[in-house]
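S.K.: Give me a model of this one.
(one chain, ligands or ions: 1)
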Amino acid sequence: MNNKSDFPSDFIWGVATSSYQIEGAADADGRTASIWDTFCRTPGKVAGGDTGERACEHYYRFREDVRLLADLGIKHYRFSIAWPRIYPEKGKLNREGLDFYRSLLNELKECGIQPLVTVYHWDLPQWIQDEGGWTNREAVDHYMEYARTLFEEFGREVPMWNTHNEPWCAAFLGYGVGVHAPGHRNWREAIAAAHHILLSHGLAVQAYREMGLTGQIGITLNLDHNDPASDREEDLEARRRHDGYLNRWFLDPVFKGAYPQDMMEWFLPHVGEYDFIQPGDLETIHEPGDLLGINYYSRGVIRSGTGHSMLLTDYVLPENSEVTDMGWEIHPESLHRLMQRLRKDYTSIPIFITENGAATKDVLENGKVEDEGRIRYVKAHLEQSLKFIRDGGNLKGYYLWSFLDNFEWAFGYEKRFGMVHVDYETQVRTPKASAYWYRDVMRRNGIAD
Ligand code: PNW
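M.R.: Presented below is the predicted three-dimensional model:
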C-alpha cells in the first residue's frame, strides 16, 4: 500500500558517529595523539575540561554496540576511521589499527549492516600538525597515503565513502575561529587549510577510481540556508558574505571548479596572496564524485555586524524561534530550501543527508529517556526531505546524528545528540524513545506518528 508518508523503496536509513567522539582508547594498540587530544589538554578549550580519552569506550564495546544497532533495526551505519590509529608516525603503518576496523566491519557484516566510511572526521595525527597540519601542502600527501591504504584494505567491502566530513569546520573553526583543534586564529592558515583539504578530496576520488573500486564516493559538507535579518542593503550584503563563507567557498570549487570571486576579494587582505593555489589544483578539486553528503542542523539569520570579526557579520536569533539545546534555531523548511538550491545551482548527483539531529536536555528516569524534542525535530526534517523527493529531488538517504550520546567537541559531554543514552560512569547504553520511534520509521519506510 502506498501511504502518503512513504519514502522510495530503496531509501537508505541510517545513523552516524565519528571516531574521536565515541572510541576512547586513546593509547590503545599503537594509537598516538591526534590534534583533538592535544586541544582537549589545553586549558579552557573544551567545556568541563572533557576529553575523548574514554568517550563511549566504543573501541572496547563495538561488538555490543553493533548488536544494539541491529536490535534497533539499523541497516546503514556511517562512522569514521581514526587516522592516528592507522599512521601513528610518519611513514609507519600500524596493522593493529587496521585490525580494529576490520573487526568492526566483520561485525557489521554479520549483522547485515552496510557501512558508509568517512576517511577524515577531524582527528588529524598530531605528528602532521607538528609539520603545520593542513596549512602545509604535504598534509595532502600524507592524506593520500592514508586514504589509499584504507581503499586497499577495505575498498571492496565498503560500498560508500566520504573523503571528508565538513571541511568548513576542520579548516575555518580549527585554523580561523580557533574553537576547534588545533585552535589557531589565522585566516591565511584557515583558507590554505581548506584548499589543501579540498585538494585531497579531489585526489582521493581519482585514486579510488584508478584502483578500480566501484562503490560510491563523495564529500560531506556542512551547509545551511540563510536569510538576511532585514532588507537593509548592509544586511543583504552580510547574508551574501555568510553564504560565501559557509556554502559557496566549498560548493563552487567542487561543482564549478572555481572559488567565488567576491569571497576571493573579501578574504584577500587576510590571506595576503593566494600562492598556495597551484596550477591544476582547481581542476583536481572540481570533482564531485558519486554523491554529495550534507550535514544540516539549522539556518542562519544574518546581519551586518562585528561578532564575526573577519566577516563583519552577526547571527540573529529571530524572536519566538524554537531552539535545540545547542541554541541552534529549529528551521526544517530551510533544509528543503537548501536542497532545492543545490539542485538548481549545483548538481543532480545523489544527495545523502549524512547528519541531521538535535541536542536535547535528556533525563534518564526509571530506565527511560522521553526525548520528545528529538522526535519532533527529526520528524519535521523528514517531512521536508520527503517533500524534496516528491518535488523530484535526488535524495537517497538519511543518517541521524547520532547513534550514541558522545563527545560533542568543544562542548564536551554536556550536549547529548544520541538516540541512545550513554551513562559515562557505567558506560550503560539505554535507547531513548526516539530510537524506538526511528525503528518504526525504518520499518514502515515512512514517517511514524
Ligand atoms: C557536526 N558549527 O559538527 C559534526 O560533523 C559532528 O561531529 C557534530 O557532533 C555535529 O555536527 C553536531 O554538532 C558541527 O559551529 C560542529 O556550525 C559545529 C558547527 C557545525 C557542525
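
S.K.: Flag every residue of the stretch 301-449 of the chain that's near the ligand.
M.R.: 355, 401, 408, 417 (C-beta under 6 Å from any ligand atom). In short, each C-beta sits where N, CA and C put it, glycine included.

S.K.: can you pick the most crowded of those residues?
M.R.: residue 417 (27 neighbours; other C-beta atoms under 10 Å).

S.K.: Model confidence at residue 308, what's the number?
M.R.: As predicted, residue 308 sits at a pLDDT of 86.

S.K.: Then residue 448?
M.R.: Value listed for residue 448 in the pLDDT field: 74.

S.K.: so who does it touch?
M.R.: 437, 440-441 (C-beta atoms under 8 Å, 6 or more residues apart in numbering).

S.K.: Quick one: buried ones out of those?
M.R.: 437, 441 (16 or more other C-beta atoms under 10 Å).

S.K.: In CSV: the contacts of residue 448, plus pLDDT and secondary structure.
M.R.: Shown next, in CSV, are the contacts of residue 448 (pLDDT from 0 to 100; DSSP: H, G, I helix; E, B strand; the rest coil):
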residue, pLDDT, secondary structure
437, 98, helix
440, 97, helix
441, 97, helix
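
S.K.: Any regions of this structure where pLDDT drops low?
M.R.: Applying pLDDT under 70 to the chain flags residues 1-4.

S.K.: Just give me the residue right at the centre of it.
M.R.: residue 165 (4.2 Å; C-alpha atoms, centre = their mean).

S.K.: neighbours around the residue lying closest to that one once chain neighbours are set aside, how many?
M.R.: Using C-beta to C-beta, 6 or more residues apart in numbering and skipping the chain neighbours, the partner closest in space to residue 165 is residue 121 (4.3 Å). The criterion is other C-beta under 10 Å. On that basis, residue 121 has 25 neighbouring residues.

S.K.: Run through the neighbouring helices and strands of the longest strand along the chain.
M.R.: Criterion DSSP state E: the longest strand present in the chain is strand 300-308. Other elements packing on strand 300-308 under the criterion 3 or more C-beta pairs under 8 Å, 6 or more residues apart in numbering; DSSP states H and E are strand 226-228, helix 233-243, strand 313-315.

S.K.: Can you name the next helix or strand after the second one?
M.R.: Next along the chain after helix 233-243, taking DSSP states H and E as the criterion, comes helix 249-256.

S.K.: Next, count neighbours for residue 283.
M.R.: Residues near residue 283, counting by other C-beta under 10 Å: 10.

S.K.: Residues of the stretch 51-200 of the chain that sit close to the ligand?
M.R.: Going by C-beta under 6 Å from any ligand atom, the residues of the stretch 51-200 of the chain near the ligand are 165-166, 169.
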